[in-house]
Each structure stands twice: as C-alpha cells, then as structure tokens.
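**Q** Any chance you can model this:
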Amino acid sequence: MKELLNNKPLFIGLLLVVFMFLVAVFAPVISTHEYDQINSADILQPPSPRHILGTDQLGRDLFSRMVYGARVSLSVGIIAVGISVLIGIFLGAIAGFYGGLVDRIITISIDIMLCFPVLFLILSIVALLEPNIYNIMIIIGLTSWMGQARLVRAEILTLKEREFILAEKVLGASNFRIISFHLVPNAMGPVLVSAILGIAGAILVESSLSFLGLGIQPPVPSWGNILADAKSSLGIAWWLSVFPGLAIFLTIMSYNLVGEGLKKYLK
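**A** The predicted structure follows:
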C-alpha cells in the first residue's frame, strides 16, 4: 500500500478508474431520470438542482444520459481490449515459440495490419455493418491486436531460452504446457500495461465512431453521440459539450495514468 501511495500517477489513475467503474455499474441507482425520457417543458435547461447537468434538445436529463453513457463506453473499451489481448497473446506466443515459417507469416500479417490507419479501417468496416455495440466491440478488438502480439512474441523469444524452459523440455513437458503455464504468464507484464493503455484508445475510438454517427445509435447514450447531439446547440447550451468531453478526457487520462504507473512499478 505504501508503494501504491508513493506512485502518485498509479494511485490517482486507479481512483478515477474505480470511480468510473462504480458509476457504470450502479447507473440505474445513480441516475435521477430515465435516460430516454423526453420532456418538452425542459428543453435545453441549464444545470440546476432538478437537472444536475442540464437537459438536451429533447428535454432529456444529461446527468442520467452521461451515467448510462459511462456503462456503454467502458464496456466497449474493456471487452474490445479483451478480444485484442486474446488474439495478440495467441498469435504472439505461437510466433515466438515456434519461429521459422510460422513466425514469418504472423510477423508479415502484423506488418500488413499496421500499414492501415486503424481508425479509417474501422470506419470502412463499420460502414458495411449494422452500427451496434456488439459490432463495435468486435471490430475494435479485431483491428487492435498487433501491439500485444509483438510484445508477447518479443518476450517469448527471450524467455524460451531460459534455463527453466529448457528444463521443462528435458522433463518431457508438452509445447502446450510450456506455452500456457510458463511462457505466457511470464510475458504478461508488458501486455498488462499495453492492455490498460488500449482501453483508453478503444474508448476514444468508440466515442469518435459515435460522434460520426457510426457507433452507438440513439436513443442509447454514449459520450460520443451525446457530443454529436451537442453540435447544433454549441452557442446556447455549453453544458451539452463540456460534460461529455470532460468525461472522455478524465477517463482516458485515468487509464493512461494507471498504465504509466504500472510501467514504472513493473520495471
């Protein structure tokens, strides 16, 4: 605990991450209104005791939409990164352990994927599919595994020559056991840092897609489509853009702080 308190970026980042997580989990309890409740008498009301963060163009409570938007944005980030980490670990472990032709094929595949601008690749795929939360999670996950694969491959290339791995081979351990129980667990440090930083990136991608109308579709709220709705009222309703923008900023900053803090801790 003392080490955690001394690592201020990690401590502050963890506090913010836990806070956002609790907001997302307890959204039905925290929200003061239904997120899709339209009220023509409360259109574009500024922040007040009745509506803590104000209302939008349809009279919907912004605080409730922000709270439910946290649930959407965080779930997309975590699940998308989970998909990318699983793919990256699998391909990186195979490439690093077996080497040769298998390694060359996977390495070339990684290089080809890295040649494409990720956001434009995602935009192209999303334009062909129905823009819903499940497709967004899968698409982001399938287009962001390359960094994890390279990290795992590099770690395993080093680890597989260590004495404890050679001893396992002499004892007749199967390749599956060596990879699953010895190599991958020992290569997880850099992958964990990359995954935490990747959650921030995935949230930003989801917000960008929703802002462009290709992500989470209304009336389901996400911070990106709340920002998109604010475009038509920037001059008269500052709260519609400030609060979701601040939420995106704080969330991304918190995951970056945790990632950077863990990087120092794991050195």
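
**Q** What separation do you get for the nearest residue to Ala93 once chain neighbours are set aside and Arg153?
**A** The shortest distance from Ala93 to any non-neighbouring residue, by CB to CB, 6 or more residues apart in numbering, is to Ile179 (5.2 Å). The C-beta positions use only the backbone N, C-alpha and C, and glycine is treated the same way. Ile179 sits 12 Å away from Arg153 when distances are taken as CB to CB, to the nearest Å.

**Q** Overlap in contacts, the two.
**A** Common neighbours of Ile179 and Arg153 are listed as Ala93 (criterion: CB atoms under 8 Å, 6 or more residues apart in numbering).

**Q** For the residue nearest to Ala93, which residues are in contact?
**A** Neighbour list for Ile179: Ala93, Ile94, Phe97, Ile156 [criterion: CB under 8 Å, 6+ apart].

**Q** Follow the chain on from the host helix or strand of the third one and name the next helix or strand.
**A** For Phe97, the host element (DSSP states H and E) is helix 62-98. Toward the C-terminal end, the helix or strand that comes next after helix 62-98 (DSSP H and E) is helix 100-115.

**Q** Now that next one - C-alpha only, CSV.
**A** Presented in CSV, the C-alpha positions along helix 100-115 are these (Å, rounded to 0.1, in the frame of the first residue of the first chain):
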residue,chain,number,x,y,z
GLY,A,100,10.6,-20.2,-38.6
LEU,A,101,7.9,-20.0,-41.2
VAL,A,102,5.1,-19.6,-38.6
ASP,A,103,6.9,-16.6,-37.2
ARG,A,104,7.4,-15.1,-40.6
ILE,A,105,3.8,-15.5,-41.6
ILE,A,106,2.5,-13.9,-38.4
THR,A,107,5.1,-11.1,-38.4
ILE,A,108,4.1,-10.2,-42.0
SER,A,109,0.5,-10.3,-41.1
ILE,A,110,1.2,-7.8,-38.2
ASP,A,111,3.2,-5.6,-40.5
ILE,A,112,0.4,-5.6,-43.1
MET,A,113,-2.2,-4.7,-40.4
LEU,A,114,0.0,-1.9,-39.1
CYS,A,115,0.1,-0.4,-42.6
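
**Q** now for the next helix-or-strand element following that helix, which elements pack on it?
**A** As assigned by DSSP H and E, the chain's next helix or strand after helix 100-115 is helix 118-128. Applying 3 or more CB pairs under 8 Å, 6 or more residues apart in numbering; DSSP states H and E, one finds that helix 118-128 makes contact with helix 133-142, helix 188-211.

**Q** Quick check: buried residues in the first one?
**A** Using 16 or more other CB atoms under 10 Å as the burial criterion, the residues of helix 133-142 that qualify are Ile133, Ile136, Met137, Ile139, Ile140, Gly141, Leu142.

**Q** Same question for the longest one.
**A** Residues 188-191, 193-211 are the ones in helix 188-211 that count as buried (16+ other CB under 10 Å).

**Q** Likewise for stretch 41-51?
**A** Buried positions in stretch 41-51, judged by neighbour count with 16+ other CB under 10 Å: Asp42, Gln45, Pro47, His51.

**Q** Contacts for that stretch next, please.
**A** Contacts for stretch 41-51 (CB under 8 Å, 6+ apart): 32-33, 53-59, 61-63, 233, 236-237, 239.

**Q** distance between that stretch and the chain's centre?
**A** Offset of stretch 41-51 from its chain centre (CA atoms, centre = their mean, to the nearest Å): 32 Å.

**Q** Export it to PDB, keeping only CA atoms.
**A** The C-alpha trace of stretch 41-51 is given here as PDB (Å, rounded to 0.1, in the frame of the first residue of the first chain):
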ATOM      1  CA  ALA A  41     -41.200  21.500 -21.000                       C
ATOM      2  CA  ASP A  42     -37.500  21.100 -20.000                       C
ATOM      3  CA  ILE A  43     -35.700  21.600 -23.400                       C
ATOM      4  CA  LEU A  44     -32.200  22.900 -23.100                       C
ATOM      5  CA  GLN A  45     -32.400  23.700 -19.400                       C
ATOM      6  CA  PRO A  46     -29.000  24.700 -17.800                       C
ATOM      7  CA  PRO A  47     -27.600  22.800 -14.800                       C
ATOM      8  CA  SER A  48     -29.900  23.200 -11.800                       C
ATOM      9  CA  PRO A  49     -30.900  21.200  -8.700                       C
ATOM     10  CA  ARG A  50     -33.600  19.400 -10.700                       C
ATOM     11  CA  HIS A  51     -31.300  18.600 -13.600                       C
END
